[in-house]
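Peer 1: any chance you can model this:
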Amino acid sequence: MNNKTLFLLVSLLFLTACSSVTIRPYGGEKDTSPPDYQSSKTFYLAGIIGEHEVNTSAICGQRRVMQMQAITSLSDWLQSMLTLLIYTPRTAKVWCEHPSQESEHG
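Peer 2: Numbering: from 1, shown residues only. The predicted structure is shown next:
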């Protein structure tokens, strides 16, 4: 295998390793601030086995949920590859409305 092929394979590995799904119920730009909640969730057999719920009412209380995100990070992906997709973790994140946002939305 020559250096160009190796470089291409490593580049593709890093480009395909991370993924995320972001939900913003009220629209707007993606929030990049630290989340109010973050937790790794355990799944097995390429994500087929495992079911997790995140109780946003317990996390945000009376505040609105501004953004939710499910992420497969590079670390999650590497763990999945090392276990041959037997263990496939994902990370859940939740952002709640903050007082400055409440005054903007009424």
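Peer 1: contacts, neighbours, all on C-alpha from now
Peer 2: OK.
Peer 1: strands of this structure, start to end?
Peer 2: Secondary structure of the chain (DSSP state E): strands at 19-23, 37-41, 65-72, 90-96.
Peer 1: now for the third one, which elements pack on it?
Peer 2: Pointing back at strand 65-72 there. On a contact count with 3 or more Cα pairs under 8 Å, 6 or more residues apart in numbering; DSSP states H and E, strand 65-72 meets strand 19-23, strand 90-96.
Peer 1: quick one: the first one to strand 90-96, angle?
Peer 2: Using axes from the mean of the first three to the mean of the last three Cα atoms, to 10 degrees, the inter-axis angle of strand 19-23 relative to strand 90-96 is 30 degrees.
Peer 1: for strand 19-23, which strands pair with it and how are they oriented?
Peer 2: Applying DSSP bridges, strand 19-23 is found paired with strand 65-72 (antiparallel).
Peer 1: the nearest residue to residue 38 once chain neighbours are set aside bridge partners, please.
Peer 2: Closest residue to residue 38 apart from its sequence neighbours, by Cα to Cα, 6 or more residues apart in numbering: residue 93 at 4.4 Å. When assigned by DSSP bridges, residue 93 has beta-bridge partners residue 38, residue 69.
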